[in-house]
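Asker: Starting from these lines, generate the structure:
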Amino acid sequence: MKTNNDIISSKSLLATFGKAETFQDLSLPDLARLVPFMKELNFKEGEQIIAEGTSADTLYMLLEGVVQVNSGRRSMGTVNEGYLGEEAVLDHPEYFYTMTAASKEVKVLSFIGCETSTILENQASAKRDFSFSLLRFGLKDKSIVHSKKSPDTITTNSAKKQKKEINTFIGWVLVFLSPLLLYNLPLFSTLGENIRIFIGVFAVTILMWVFKLVPDYVAGLLSVLVTLVLGLTPGSVILGGFQSSSFFMALSIFVLAAVVVASGVVFRVTLLLLKYTPPSTFFYNLILTLAGLVLTPILPSSNGRVGLVTPLLNDLTSSLGFKRQGPDATRLAVSAFFGLSIFSSVFMTSKSINFLIFGMLPPQVQESFQWLDWFFAASVAGIVSLILLLLISSIAYPPKEKAHISQKHIIQQLTILGKMSRSEWGATLGVGLFILGIVTTSVHKIKPAWIGLALMFLFLALGTMNKKEFKDKIDWPFLFLLGTLIGLARAISYLGIDDLIAAQLGGLMGLMQSNLYLFVLVLAGIITLIRFAMSINAAVVISSSIFLPLAQSAGLNMWVMGFMILTLAESFIVPYQCSYYVMFQGLNEERKIYSEPSFLKFNLWSFVIRLAAIYASIPFWKAMDILK
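Answerer: Residues are numbered from 1 along each chain as shown. Take a look at the predicted model:
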């Protein structure tokens, strides 16, 4: 076998992919992403290309020559076009056939299987084509093309299913019993009828979240429905979230994010950054961190940012040649993950749950903390987080390997992308107009939510986002959840439950007034305990329902309390507590990029970073008169 070390010309690649039906539907950014994971190989007659029973890790596209296919000693015929080793992208652990060069020279284009599979994961037709291609040799047991579950995996899944069924049963029992118990609890006997019923409704919603009995937004809608049917609050109160500026801000940001992601402009900008980055471990880690930071205010979903940044992490790790699960590769993973997550509270638009906190603030506080004001007030926390992240990661993972990336690959990828497309210009213009509108808010007096809504109208009117994308790319379940959560928060205030909470937690309110630094530690401990049982969103809802009214009674700026809750709720100790880390972890299980034990040890430092960011911000907030 001979490897052609010359970089395949972009023109030749595009011509090759253009003839291959499987790759015809791929966008130019996706084609460009394949570049670091493929190379041209030449085999002489009689040389083995694939051995039956060996690990299926590479897909081959046959460019020239004839290949003999055998199953054991049995000849299955020859092929002179198409693909070899389709098992690599169909998630099967081993090759089914032995394939040998049967002509004087055989030329193939090889692709790393798991990387190609990831890039093709949204192309259902590609998976189908590869399945049919593999079956052309008459494979009898067709089910094995799609199945790779071992007996151990099946046993583990069965145990998990049984445990889930027990938890679900306990959850439903509590859902039916808790309203009756709470309604008749002597502690609540002096409260009004509507308050007692609402407490039971809210408890049912929380239990549904904790035990994951139904999707979060379904539990929220149930609480709204019961409140409306029983007349616990006026409809304008419980449904107020659906007409709030926070709701429409979230909707418009989802649209902007979908347009930006679909355009591929993020990938182009990343390549340009890598092209002009000095060849240094520090700078490559900085690029990953900054990539996450730049995406944070644009894409209001940590899972979405994980989906965008992890391909870059994998490309960079492979291009640099770092040892998988080594300290240098693990440091890259740390930079990528915390770059996209640790700044989530710094920008109003970085996570959907941030809009809930904004929606729970009184109108006068909302006016003082629009997008730019929010960012400025959180800027010290952001700067401290960035400095500590880079500093601690560089100490924890000193460079062991020489960092060097192929500039030829980057240039080739940029060549494949070509000139900026219309969609890229549209996305860039949209982001620019949004930022300009926010920066000039003091001049035109238009709220950022309505600027975002105007951009959404333009995208839809000009066809930048079509009807199908508007239906599929927007996180409608979360928008419904957001509307119900804001409505529930307003119902709590309308019924006076917030005043009751403040009266019962007078000790914490006193600590908040006398020693804010100590209160932050207490708050961190409470939220950490809540997070063991609840997701980030549920923990934020519970914490904000308790502590925002408490802050208002104590005379503490409610935005400061909301910011601290958002910052601390992002922390996690074990993987299950963080859905977007589970997604990140799943990608690592397939590629083995980083050492998970080492990563999780570093994750403990994120508590320190978040606390330090809050403590460093307190003097700044006092200087700004946000805190007295």
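
Asker: From here on, just use CA atoms for contacts and neighbour counts.
Answerer: Will do.

Asker: Next up, the contacts around Lys447.
Answerer: 370, 438, 441 (Cα atoms under 8 Å, 6 or more residues apart in numbering).

Asker: Would you enumerate the residues in contact with the second one?
Answerer: If a contact means Cα under 8 Å, 6+ apart, then Ile438 has 371-372, 447-448, 451 as its contacts.

Asker: Turn the residues you listed into a markdown table, including distance to Ile50 and pLDDT.
Answerer: As requested, the contacts of Ile438 are exported to a markdown table (distance: Cα to Cα, whole Å; pLDDT from 0 to 100):
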| residue | distance to Ile50 | pLDDT |
| --- | --- | --- |
| Trp371 | 56 | 89 |
| Leu372 | 58 | 89 |
| Lys447 | 61 | 83 |
| Pro448 | 58 | 83 |
| Ile451 | 57 | 89 |
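
Asker: out of the residues you listed, which is most surrounded?
Answerer: Using other Cα atoms under 10 Å as the neighbour criterion, Pro448 leads the contacts of Ile438 with 24 neighbours.

Asker: that older thread, quick one: which of the contacts of Lys447 is nearest to Val384?
Answerer: Gln370 (22.0 Å; Cα to Cα).

Asker: ok now do the residue lying closest to that closest one once chain neighbours are set aside, which residues does it touch?
Answerer: In this structure, Gln370 finds its nearest non-sequential neighbour in Pro448, 7.1 Å apart by Cα to Cα, 6 or more residues apart in numbering. The neighbours of Pro448, taking Cα under 8 Å, 6+ apart as the test, are 249, 370-371, 434, 437-438, 441.

Asker: If you rank those by neighbours, which is first?
Answerer: Ile438 leads the contacts of Pro448 on contacts (other Cα under 10 Å) with 23 neighbours.

Asker: quick one, domains of this structure?
Answerer: When the chain is parsed with automatic domain parsing, its domains come out as 2-145, 170-232, 241-623.

Asker: Same list (those) but as JSON lines, adding distance to Ala159.
Answerer: As requested, those are exported to JSON lines (distance: least, Cα to Cα, whole Å):
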{"stretch": "domain 2-145", "distance to Ala159": "24"}
{"stretch": "domain 170-232", "distance to Ala159": "17"}
{"stretch": "domain 241-623", "distance to Ala159": "17"}
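
Asker: Tell me which of these sits most buried.
Answerer: Counting by mean count of other Cα atoms under 10 Å, domain 241-623 has the highest mean neighbour count of these, with a mean of 19.

Asker: centre of the chain versus that one, how much separation?
Answerer: Distance of domain 241-623 from its chain centroid, counting by Cα atoms, centre = their mean, to the nearest Å, is 10 Å.

Asker: Okay, strands next: where are they in this structure?
Answerer: Applying DSSP state E to the chain gives strands spanning 2-4, 38-44, 48-50, 58-64, 67-71, 74-79, 83-84, 98-101, 105-112.

Asker: which residue packs closest to Leu232, ignoring adjacent ones?
Answerer: Excluding the flanking residues, the one nearest Leu232 by Cα to Cα, 6+ apart is Asn194, at 5.4 Å.

Asker: residue contacts, the residue nearest to Gly241 when sequence neighbours are not counted?
Answerer: Excluding its sequence neighbours, the residue lying closest to Gly241 (Cα to Cα, 6+ apart) is Gly483, at 4.2 Å. Counting by Cα under 8 Å, 6+ apart, Gly483 touches 239-242, 247.

Asker: Check which residues of stretch 160-169 are buried.
Answerer: When burial is assessed from 16 or more other Cα atoms under 10 Å, stretch 160-169 yields the following buried residues: Thr168.

Asker: Return the distance of it from the chain's centre.
Answerer: 27 Å.

Asker: What of stretch 31-50?
Answerer: 33 Å.

Asker: Could you pull out the helices in the stretch 451-600 of the chain for me?
Answerer: 467-472, 476-494, 497-504, 506-514, 516-533, 536-554, 558-569, 579-591, 596-623 (DSSP state H, counting those that start in this stretch).

Asker: returning to what we had before: got a pLDDT number for the residue nearest to Leu232?
Answerer: If you check Asn194, the pLDDT there is 93.

Asker: going forward, begin numbering at 47 instead of 1
Answerer: Sure, I'll start numbering at 47, so the last one becomes Asn240.

Asker: right, and it touches Pro280 too?
Answerer: No. Counting by Cα atoms under 8 Å, Asn240 stays clear of Pro280, with 11.8 Å between them.

Asker: Go ahead and confirm Ala379 touches Tyr640.
Answerer: Yes. Shown here, Ala379 and Tyr640 form a contact pair, counting by Cα under 8 Å, at 6.4 Å.

Asker: still on that earlier bit, from Leu501, how far out is the residue nearest to Gln416?
Answerer: Pro494 sits 11 Å away from Leu501, taking Cα to Cα, to the nearest Å as the criterion.

Asker: Now the common contact residues for those two.
Answerer: Common contacts of Pro494 and Leu501, defined by Cα under 8 Å, 6+ apart, comprise Phe480.

Asker: sorry, back to before: lowest average confidence across the domains of the chain, which one?
Answerer: domain 48-191 (a mean of 79).

Asker: Can you get me the centre-to-centre distance for it and its chain?
Answerer: Centroid separation between domain 48-191 and its chain, computed with Cα atoms, centre = their mean, is 31 Å.

Asker: May I have the residues that are in contact with the closest residue to Leu228 other than its chain neighbours?
Answerer: Excluding the flanking residues, the one nearest Leu228 by Cα to Cα, 6+ apart is Gly246, at 6.1 Å. Residues near Gly246 by Cα under 8 Å, 6+ apart: 224-226, 228-229.
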